[in-house]
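> Build me a structure from this.
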Amino acid sequence: MSEENQYSFENETYRRTYWHTCSHVLAQAVKRLYPEVKLAIGPSIAEGFYYDMDSPFPFTPEVMEKIEAEMRKICKEKLKLERFELPREEAVKFMEEKGEPYKVELINDLPEDAVISFYKQGEFTDLCAGPHLDSTGRIKGNAIKLTACNAAYWRGDSNRQTLQRIYGIAFPKKEELDAYLQRIEEAKKRDHRKLGRELGLFMLTDEGPGFPFFLPKGMVLKNTLIDYWRQVHKKYGYVEISTPIILNRKLWERSGHWDHYKQNMYTTVIDEEDYAIKPMNCPGGMMVYASEPHSYRDLPMRVGELGLVHRHELSGALHGLFRVRCFTQDDAHIFMTPEQLKDEIKNVVKLFDEVYSVFGLPYKIELSTMPEDHIGTVEEWEHNQDILKEAITEMGKDFEVNEGDGAFYGPKLDFHLADSLGRTWQCGTVQLDSQLPERFELEYVGEDGQKHRPIMLHRVVLGSIERFIGVITEHFAGAFPTWLSPVQVKILTITDRADEYAKQVAAKLDAQGFRVELDLRNEKIGKKIREAQLEKDPFMLVLGDKEAEAGQVAVRHRADGDLGVMSLDDFTAKLRELVDSKSTK
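So this is what the prediction gives:
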């Protein structure tokens, strides 16, 4: 790597190092201003950095401004960062003398042979493995912003001390910070939780944390999405099944989930026997395949399921529709011969290409390899990883390797979608599994008349219907394409004399399968149009005496405004084209 690239913010290693150093500048600023604050940990994260602190007072916005100003001073001081090591006893004593109990605990929990290193900058020293920039002067002081302060448990344990976590972001240029903050403001406007309330899509309640309620318009959106899912899967040769939500412990032991996933499962007792609410659809799919004999002529067998699954998530991790405890997984399991495997992987990716292009969502592919907690031999894993690589490469697609992040039963390809703000979301996945067919003793009769074990792919395209709705709500800022919009046409009357004509127009559109709402209220037309705009309905038909007499409609579009007067047939034809083509325009 060239020196220029090495110190480029595009280089993830350098970017992480930059943000990690910023976290130390943050801690130094706090200790200068408020020496009584105790420090916990301060890493870089995917987007910026944070530092957890034990403070006797809250970090209010006013306090955060003072800290930010002090951070800028520290950057101007161009303090050199120096690394040094201490033996364990000296390290503990050093942190005790500084009055940092959390650092003492961290040192005591390190392995006996661990190198205990520190970084010093001016009067401030912190326990840290590094790496760091060589000087605080490398950081652009006016391109630092402290973005939030939230509560956080020490070491993620709800029984331990509650700390305050200060988040920050920094860039080498002020212009980059400004652009980032502008994106954050735009993201706030697009927050699916906010839009979900405003557009009447879904609600979240204290009575069911992580268990979303879908409202009438949200159900229209959800069912339209599911209808499309069924349409495209039929085209690609899938059949659909439904398996029970609750199955007994023996099944989950057989699948390996009881040993490898139990902490995320909800369990119950029925007739004095342990049962689990399914966190995944896979074991049920195995049972469906095993319910009857199969020949090589039956394969590949592509089986889809829109299965309702439940997973226990910590309350602090819950986030709108993005992280829930109950969701619909658009699963599929494909059973095949080893010779069919590569073609089936390609077939899945072609399906992904078709679906994601409909929503205007480009993607990147990540290959996740064998984790420490896995079943199956290393040789099997390496063989399966090579098959995934070859299939993707032959399709002319690039991928990055995510070491050690495969499922416990096999390697996978994860598809990270980029939305209109450039944020990425992991939705689709293709998981190659030769373990569950073995555990469930799945078989097919080959051309040689002998019994063989099928290979299996697990795959989801949307991932979770609920989460995908959250993603596209933010991607489209709630202004869904016409084919997806819960209300496609809002009919607004200027006078009550046009009411009867409006009802006739609505009936004709409804008869052709379009989703229509009438607004016959005795309100000024300007107010009706403004409210329809806020509801983000794609089309408005404004009807008054002239339109009723001529049998025409005055058409408005939520983005393009007035489209003029036309016949209902002409408007219907344009609407049909938008819906049938699934246009994002």
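> Residue 82: what's its closest spatial neighbour, skipping adjacent residues?
Once flanking residues are discounted, residue 82 sits nearest to residue 120: 4.8 Å by C-beta to C-beta, 6 or more residues apart in numbering. The C-beta positions use only the backbone N, C-alpha and C, and glycine is treated the same way.
> in a strand, that's where the one you found is, yeah?
Yes - counting by DSSP: H, G, I helix; E, B strand; the rest coil, residue 120 falls inside a strand.
> Specify the beta-bridge partners of it.
Counting by DSSP bridges, residue 120 forms beta bridges with residue 82, residue 125.
> what ranges do the helices span in the stretch 201-350 of the chain?
For the stretch 201-350 of the chain, applying DSSP state H, counting those that start in this stretch gives helices covering 216-235, 249-255, 257-260, 282-290, 341-358.
> who are the neighbours of the second one, in terms of helices and strands?
Contacts of helix 249-255 with other secondary structure elements, assessed using 3 or more C-beta pairs under 8 Å, 6 or more residues apart in numbering; DSSP states H and E, are made with helix 257-260, strand 273-277, helix 282-290, helix 436-439.
> Check which residues of the longest one are buried.
When burial is assessed from 16 or more other C-beta atoms under 10 Å, helix 282-290 yields the following buried residues: 282-289.
> How about stretch 397-406?
Neighbour counts over stretch 397-406 (16+ other C-beta under 10 Å) mark 399, 406 as buried.
> related to what we said a few turns ago, most neighbours per residue, which of the helices of the stretch 201-350 of the chain?
helix 282-290 (a mean of 21; mean count of other C-beta atoms under 10 Å).
> That one relative to strand 273-277, how many degrees between them?
Counting by axes from the mean of the first three to the mean of the last three C-alpha atoms, to 10 degrees, helix 282-290 lies at 100 degrees to strand 273-277.
> What lies in contact with helix 282-290?
Where contact means C-beta atoms under 8 Å, 6 or more residues apart in numbering, the residues beyond helix 282-290 that reach it are 241, 243-244, 247, 251-252, 254-255, 257, 278, 301, 303, 305, 307, 331, 333, 335, 436-437, 439-442, 454, 458.
> Quick one: mean pLDDT over that helix.
In this model, helix 282-290 carries a mean pLDDT of 93.
> roughly how far is it from the heart of the chain?
Helix 282-290 sits 27 Å away from the centroid of its parent chain (C-alpha atoms, centre = their mean, to the nearest Å).
> how much space is there between the nearest residue to residue 88 once chain neighbours are set aside and residue 108?
Counting by C-beta to C-beta, 6+ apart, residue 88 lies nearest to residue 116, which is 6.1 Å off, once chain neighbours are set aside. Residue 116 is 11 Å from residue 108, where distance means C-beta to C-beta, to the nearest Å.
> The two: which is more packed in?
In terms of neighbours (other C-beta atoms under 10 Å), residue 116 is the more surrounded of residue 116 and residue 108; the figures are 19 against 11.
> tell me the secondary structure for the residue nearest the centre of the chain?
Taking C-alpha atoms, centre = their mean, the centroid of the chain lies closest to residue 425, which sits 4.3 Å from it. With three-state DSSP as the basis, residue 425 sits in strand.
> hey, what's it bridged with?
Residue 425 forms beta bridges with residue 417, as assigned by DSSP bridges.
> Does it touch residue 469 like I think?
No - counting by C-beta atoms under 8 Å, residue 469 is not a contact partner of residue 425; they are 11.9 Å apart.
> residues touching residue 259, list them.
Residues near residue 259 by C-beta under 8 Å, 6+ apart: residue 253.
> Next one: it relative to residue 374, how far apart?
The gap separating residue 259 from residue 374 is 12 Å, by C-beta to C-beta.
> Over to residue 180?
38 Å.
> out of those two, which sits in the more crowded spot?
Neighbour count, other C-beta under 10 Å: between residue 180 and residue 374, residue 374 has more, with 21 against 18.
> In the host helix or strand of residue 32, which residues are buried?
Residue 32 belongs to helix 12-33 when elements are defined using DSSP states H and E. Going by neighbour count (16+ other C-beta under 10 Å), the buried part of helix 12-33 is 14-32.
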